[in-house]
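Participant: quick check, what structure comes out for this input:
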Amino acid sequence: MPIRIPDKLPARNVLESENVFVMNESRANHQDIRPLKIVVFNLMPLKITTEAQIMRVLSNTPLQVEVDLLMTRTHSPKCTPKEHLLNFYKTFEEVQAKKYDGMIITGAPVEHLEFDEVTYWEELKEIMEWGRRNVTSTLHICWGAQAGLYYHYGIPKHHLNEKLFGVFNHTVTDRKEPLMRGFDDSFFAPHSRFTGVRAKDIDKVSELKILAQSEDAGVHIVMSPDKRLIFVTGHSEYDPFTLREEYFRDLEKGEDIAIPKNYFPNDDTSNDPVVLWRSHASLMFTNWLNYYVYQETPYNFDEIH
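Facilitator: From the prediction side, this is the model:
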């Protein structure tokens, strides 16, 4: 089944060029099926790029998925055209009366700030609390995962000695959990962050479960006891060239940035990167949609609580 997104969203052209099945709105309306309704709270600065990345990993499922895009009211994005935001994004006030099968909260480049110093922190807290009552399952990514763990469980983030930057090997620590179904004993995922959460802090909260971690990247996937909150510290949704673009962007800014690890063959930046994470990224998002959204959400939205 395809992903259902607005006809003129730029991500549509990107996905169709990759032979991803994207359904137009008119065709979707003629199907006698209730699609899964997913809201994506996109906190990344390059929103159009992030849209395509998220839509791509949501598309590899037999379920029809309909996506709403959410932006902050208390912070004005500077890297995305206002026309695009007006055409395709909603604010929380426009969706708070609705219920959703799933929600994705993306990362954000605000790790250097304490949570309460982030301009939209109060708004994000309101949305995370609303999600507990109005969304069947919420998937938090990177800084969004750190924010969610802090808000819901008081788990702090810690500054790293240097940026964790590259593609890292992980191991599954709980094979019985359906989110990890089909995963290999070891799998790769990209990371790009200056802060992280620690296993010893998570272990103090007995109801939380660590599903995957890495010797180099630390805790990767964490789940709440009711399985409605999932926290992923990496960026499995990244496309092949995202880390390369971040690397050269930071070089142009004059920042002291190391070559992303396990990414360029022979650490030669003239080589195209080797993609090691695509299959497991697709598997993780497909498992989330199937086992934690579709299998759990009621057909009647009013029954979500």
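Participant: can you map out the helices along the stretch 201-305 of the chain?
Facilitator: 242-252, 278-287 (DSSP state H, counting those that start in this stretch).
Participant: which residues of the stretch 201-305 of the chain score low on pLDDT?
Facilitator: Within the stretch 201-305 of the chain, the stretches with pLDDT under 70 are 299-305.
Participant: which residues in it form strands?
Facilitator: 209-214, 218-223, 229-232 (DSSP state E, counting those that start in this stretch).
Participant: and the first one, what does it pack against?
Facilitator: The criterion is 3 or more CB pairs under 8 Å, 6 or more residues apart in numbering; DSSP states H and E, and the helices and strands that strand 209-214 contacts are strand 158-172, helix 199-203, strand 218-223. Where C-beta positions appear, they are placed from N, C-alpha and C, glycine not excepted.
Participant: quick revisit: with distance to Val197 and mean neighbour count added, can I get the strands of the stretch 201-305 of the chain in JSON lines?
Facilitator: Below are the strands of the stretch 201-305 of the chain laid out as JSON lines (distance: least, CB to CB, whole Å; neighbours: other CB atoms under 10 Å):
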{"stretch": "strand 209-214", "distance to Val197": "10", "mean neighbour count": "20"}
{"stretch": "strand 218-223", "distance to Val197": "5", "mean neighbour count": "24"}
{"stretch": "strand 229-232", "distance to Val197": "8", "mean neighbour count": "26"}
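Participant: tell me which of the ones you listed sits nearest to Asn42.
Facilitator: Asn42 lies closest to strand 229-232 among those, at 15.6 Å (CB to CB).
Participant: export the strands of the stretch 201-305 of the chain to JSON lines and tack on distance to Gly166?
Facilitator: Output for those, formatted as JSON lines (distance: least, CB to CB, whole Å):
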{"stretch": "strand 209-214", "distance to Gly166": "11"}
{"stretch": "strand 218-223", "distance to Gly166": "13"}
{"stretch": "strand 229-232", "distance to Gly166": "17"}
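Participant: picking up where we left off before, please identify the most buried of the helices and strands packed on strand 209-214.
Facilitator: strand 218-223 (a mean of 24; mean count of other CB atoms under 10 Å).
Participant: now do it: distance to the chain's middle.
Facilitator: How far strand 218-223 lies from its chain's middle: 13 Å, per CA atoms, centre = their mean, to the nearest Å.
Participant: give me the phi and psi for the residue nearest the centre of the chain.
Facilitator: For the chain, the residue nearest the mean C-alpha position is Ile141 (3.9 Å; CA atoms, centre = their mean). Dihedral pair for Ile141: phi -120, psi 130, per degrees, to the nearest 10.
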